[in-house]
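>>> I'll drop the sequence and a predicted model, then ask my questions.
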Amino acid sequence: MTADLVLDASATMAWCFDDERTAESDALLDRLAVSTALVPAIWHVELANALLAAERRRRITAEEIEHVYRLLNRLTIETDDPVLTPAPLLALARAHRLTAYDAAYLDLALRRNLPLATRDTDLARAAKAAGVALLPA
C-alpha cells in the first residue's frame, strides 16, 4: 500500500491524552482510518518511551497504554526500512539544528515526497524550510 503521510510521535501522542487532543489531531486520526501513515523505525521506540514516561508520571495507566496500542494496531502504519548510513540524518540534523531522531522524520518525508504530521515546533520549522508540506496535527 502507498503511504499518504509521515507520522511523528508527537502527533501520535496527541491521541493519548484529552488535554492534548485538538480538532486537528482528531481529524488526523480520522484520516488515518482510510489512509496509510509511514513512520521511521525510531517512531516505535519514541512512542513506547513517551507512554512509559507518562505512566511513571501517572498521566496514563498500563491498561490505557494497551488501549492506545489496540487503537494504533487498527490503523495502517507502515515502518520504513531503517537508513543504513547516518549521513543523510546527520546532514539534515546539522542543517536544521534538529536531533537525529527528528531528522529521521524529515528525511523520510523528503525521500518519499510525503507531507509530515508533527506537533514538534522545531521539526515543523525544519520541514517548512526544506519544502515539506505540513499536516495539521
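Right, received. Where do you want to start?

>>> got the phi and psi for the residue nearest to Asp81 when sequence neighbours are not counted?
Once flanking residues are discounted, Asp81 sits nearest to Ala41: 7.9 Å by CB to CB, 6 or more residues apart in numbering. Yep, even glycine has a C-beta here, placed from its N, CA and C like the rest. Torsion angles at Ala41 (phi, psi; degrees, to the nearest 10) stand at phi -60, psi -30.

>>> which stretches of the chain have low pLDDT?
Residues of the chain that meet the criterion pLDDT under 70 lie in 1, 83-84.

>>> assign Asp81 to helix, strand or coil.
coil (DSSP: H, G, I helix; E, B strand; the rest coil).

>>> next, count neighbours for it.
Look at Asp81: counted by other CB atoms under 10 Å, it has 7 neighbours.

>>> can you check the one 4 residues further on too?
As a burial measure, Thr85 scores 7 neighbours (other CB under 10 Å).

>>> mind checking how far it is from Ala117?
26 Å (CB to CB, to the nearest Å).

>>> helices of this protein, start to end?
9-13, 23-32, 42-56, 62-74, 87-96, 100-112, 121-130 (DSSP state H).

>>> show me what the longest one is packed against.
Meaning helix 42-56. For helix 42-56, the elements it packs on are helix 9-13, helix 62-74, helix 100-112, judged by 3 or more CB pairs under 8 Å, 6 or more residues apart in numbering; DSSP states H and E.

>>> over to the fourth one?
Counting contacts by 3+ CB pairs under 8 Å, 6+ apart, helix 62-74 packs against helix 42-56.
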